[in-house]
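J.: what shape does this take:
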Amino acid sequence: MRTLLFILKEHFVWRGQIILLAKADIIKTYSGAALGWAWALIKPLITIFVFWFAFTYGVRVGGDVNGYPFALWMIPGFMAWFYMSEMLRKGTDAIRRYRFLVTKMKFPVSTIPTFVSLAHLAIHFILMIIVALIFVAMGHMPSIYWLQLFLYMALMFVFWTFWGLFAALLGSMSKDFINLVRALNTAIFWMSGIMYDVNSIPNETIKHIMYFNPVTYIATGYRNCFIYHRWIWEEPKQLMIYFAMTIAMIILAVWSYRKLIKEIPDVL
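T.: Okay, here's the model as predicted:
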């Protein structure tokens with residue numbers, strides 16, 4: 001608990017720098033390109049268009065879901081995945097990418113994954129505005145259920161920011177861990193219900209196990225806002241599982257911080 005409070009204190013003291021570095025992270029990632037940070041929006045939108053075209057005019061495996069075309073059903077969960085996949089990849093090597101903040105400046109290591117996560121969340125927020133406009137353009141007006149999208153964003157941000165701290169610390173000690181996470185990225189995508197409805201799985205045991213995957217819960221939650229129109233408290237079991245996974249991730253992040261923080265500067 002003492003270590004967690006120390007980490008939270010560092011975030012409070014350095015809150016201004018965290019926001020500035022989040023802006024700088026976006027600029028740095030897309031610097032040198034004529035369109036700059038706009039590529040952060042173009043890439044996922046192109047991917048969404050490709051999947052929409054494939055499932056609408058090509059494969060045609062997806063029928064309407066709850067009165068929505070399959071491609072429209074897919075979009076909210078897919079957009080959530082873009083943020084989470086970025087944290088899987090870039091969150092894991094965040095400290096290595098910003099090693100100069102550790103080796104050349106007196107900057108709190110615990111805040112590095114936070115501003116990386118914040119940068120991706122800002123891009124994600126803009127993408128979700130575009131998603132909302134797509135739904136309106138398709139004739140689906142905003143509903144009160146859309147408001148809980150901010151709650152799902154907050155839950156997603158907390159879990160994946162602590163994941164970033166845990167993974168970035170391990171990633172700074174071993175490149176093998178970074179490569180392992182990247183290798184698992186595709187497997188996590190296909191086992192998380194991004195492309196199919198987890199609740200439609202007939203095997204109840206497998207369905208419950210899948211909710212121990214935080215990606216599954218967030219993707220389903222986004223669709224509850226746009227497609228199924230369910231409140232977050234209507235599925236208390238899944239919510240409790242997500243809270244338990246978040247607490248476990250916080251414990252792992254704090255534990256790895258205590259064990260590795262003194263060794264990080266020497267390793268980098």
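J.: look at the nearest residue to Tyr228 once chain neighbours are set aside and report its pLDDT.
T.: Nearest residue to Tyr228 in three dimensions, chain neighbours excluded: Asn66, at 5.9 Å (C-beta to C-beta, 6 or more residues apart in numbering). All C-beta atoms are positioned from the backbone trio N, CA, C, and that covers glycine. Looking at Asn66, its pLDDT is 73.
J.: pLDDT wise, what is the residue nearest to the spatial centre of the chain at?
T.: Taking C-alpha atoms, centre = their mean, the centroid of the chain lies closest to Met84, which sits 2.4 Å from it. pLDDT for Met84: 93.
J.: in a helix, it, correct?
T.: Yes - under DSSP: H, G, I helix; E, B strand; the rest coil, Met84 sits within a helix.
J.: and the residue nearest to Tyr228, backbone torsions?
T.: In terms of degrees, to the nearest 10, the main-chain angles of Asn66 are phi 60, psi 30.
J.: go on, Met195?
T.: Dihedral angles for Met195 - degrees, to the nearest 10 - are phi -100, psi 0.
J.: so it touches Ile75, yeah?
T.: No - between Met195 and Ile75 there is no contact under C-beta atoms under 8 Å: 11.6 Å.
J.: okay, the two: which has more neighbours?
T.: The residue with more neighbours, out of Met195 and Ile75, is Ile75; 26 against 17, by other C-beta atoms under 10 Å.
J.: do you know how far that one is from Pro265?
T.: Taking C-beta to C-beta, to the nearest Å as the measure, Ile75 falls 43 Å from Pro265.
J.: again with Ile112
T.: With C-beta to C-beta as the criterion, Ile112 and Pro265 are 13 Å apart.
J.: need the residues touching each of those two.
T.: Val102 (C-beta atoms under 8 Å, 6 or more residues apart in numbering).
J.: and the two? Which one has more around it.
T.: Ile112 (27 against 12).
J.: OK, contacts around the more buried one?
T.: Contacts for Ile112 (C-beta under 8 Å, 6+ apart) come out as 94-95, 98, 101-102, 168.
J.: closest to Ile134 out of the residues you listed?
T.: Ala94 (30.8 Å; C-beta to C-beta).
J.: any idea how far that closest one lies from Leu180?
T.: Taken as C-beta to C-beta, the span from Ala94 to Leu180 is 16 Å.
J.: among these two, which residue is more densely surrounded?
T.: Counting neighbours by other C-beta under 10 Å for Ala94 and for Leu180 shows that Ala94 has the greater number, 25 against 13.
J.: these two touch, right, that one and Pro113?
T.: Yes - between Ala94 and Pro113 there is a contact under C-beta under 8 Å: 4.7 Å.
J.: which neighbours do those two have in common?
T.: Common neighbours of Ala94 and Pro113, counting by C-beta under 8 Å, 6+ apart, are 164, 168.
J.: would you confirm that Ile201 contacts Met210?
T.: Yes - using C-beta under 8 Å, Ile201 is in contact with Met210, at 7.3 Å.
J.: tell me which stretches of the stretch 101-250 of the chain form helices.
T.: Here the stretch 101-250 of the chain has its helices, by DSSP state H, counting those that start in this stretch, at 112-137, 149-173, 175-190, 204-210, 214-223, 236-260.
J.: what angle do the second one and helix 112-137 make?
T.: Right, helix 149-173. Helix 149-173 runs at 140 degrees relative to helix 112-137, counting by axes from the mean of the first three to the mean of the last three C-alpha atoms, to 10 degrees.
J.: please save the CA atoms from stretch 155-173 in CSV.
T.: The C-alpha trace of stretch 155-173 is given here as CSV (Å, rounded to 0.1, in the frame of the first residue of the first chain):
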residue,chain,number,x,y,z
LEU,A,155,-12.3,1.3,-16.4
MET,A,156,-10.3,0.5,-19.5
PHE,A,157,-7.8,3.3,-18.9
VAL,A,158,-7.1,2.2,-15.3
PHE,A,159,-6.5,-1.4,-16.1
TRP,A,160,-4.3,-0.8,-19.1
THR,A,161,-2.3,2.0,-17.5
PHE,A,162,-1.4,-0.4,-14.6
TRP,A,163,-0.7,-3.1,-17.2
GLY,A,164,1.6,-0.6,-18.9
LEU,A,165,3.5,-0.1,-15.6
PHE,A,166,3.8,-3.8,-15.0
ALA,A,167,4.7,-4.8,-18.5
ALA,A,168,7.1,-1.8,-19.2
LEU,A,169,9.1,-2.7,-16.1
LEU,A,170,9.5,-6.3,-17.2
GLY,A,171,10.0,-5.2,-20.8
SER,A,172,12.9,-2.9,-19.7
MET,A,173,14.6,-5.9,-18.1
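J.: good, we can wrap up now.
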